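Colleague: The following block contains a protein sequence and its predicted model.
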Amino acid sequence: MFYTEHIKKIVIMVIYILATTSCTQLPQNKETESIANHSPSKKQLNTEDLRSYKQALYALRDNKLQQAEILLKDVIKNNPGLAGPHVNIGLIYFKESQIVLAKEYLRKAIELNSHNPYAYNILGIIKNQEGDFYKAKEYFLLAIKYKKNYAKAHFNIALLYDIYFHNTEKSINHYTEYLSIINKQGIKDKQTFNWLKELKNSLHQG
């Protein structure tokens, strides 16, 4: 019974993770992941394009997807070699359930920057939804490889190990890492904290 209840909670949590996943640098929202090391800078963009990019990030944060898409495509037109705008357009198409287009932009982002963790994380979510759990695992692990403190990627791989691979030990490790990272950001997740305790108890009892 508890496990069934947990599955329901997990579904809600996955929706939450997807809804709040974005490749933006907006300190006003602590739930928003930052791509400070991958975002275009003044050295990469002229003043006008940098302004457009920032406006696009705010539009994406506010779920104004069409506005964000237009702005990001303008940035790409002038700066085709930047990975960040491609990741964010991939995210927009993912949110709009245009998966083929999402994959196209995310793979282009990886072509431009093979170390971009955000592209790998979204691709991992897509593969998970498609039922390709081994490929999803590969993408989530690459996301963590290139950004060790990527909380959402740790959560996603923990969930994968937990629900689909039934590898309790590995899921515990990644849930623990996820909670440690968000706690440092001042964010609490009681559902995952309580489930982690249950997993640890089951491991000791098993």
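Modeller: Perfect, I can see it now. No experiment lies behind these values; they were computed from the predicted model shown.
Colleague: Would you mind identifying the next helix or strand past the lowest-mean-pLDDT helix or strand in the chain?
Modeller: Between all helices and strands in the chain, the lowest mean by mean pLDDT, DSSP states H and E belongs to helix 2-20, at a mean of 41. Going down the chain from helix 2-20, the next helix or strand is helix 47-61, by DSSP states H and E.
Colleague: immediately after that following helix, which helix or strand?
Modeller: Assignment by DSSP H and E places the next element after helix 47-61 at helix 65-78.
Colleague: Pull the residues that contact that next one.
Modeller: 40, 45-46, 49, 52-53, 55-57, 59-60, 82, 85-86, 88-89, 92, 95-96 (CB atoms under 8 Å, 6 or more residues apart in numbering). (C-beta placed from N, C-alpha, C; glycine too.)
Colleague: Next: stretch 196-206.
Modeller: Contacts of stretch 196-206 (CB under 8 Å, 6+ apart): 2, 6, 162, 168-169, 171-172, 175-176, 179.
Colleague: Just the buried subset of these, please.
Modeller: 6, 162, 171-172, 175-176, 179 (16 or more other CB atoms under 10 Å).
Colleague: got a list of contacts for stretch 101-115?
Modeller: 38, 81-84, 86-87, 89-91, 93-94, 116, 119-120, 122-123, 126, 146.
Colleague: Just give me how far that stretch sits from the chain centre.
Modeller: Averaging C-alpha positions (CA atoms, centre = their mean, to the nearest Å) puts stretch 101-115 14 Å from its chain's average.
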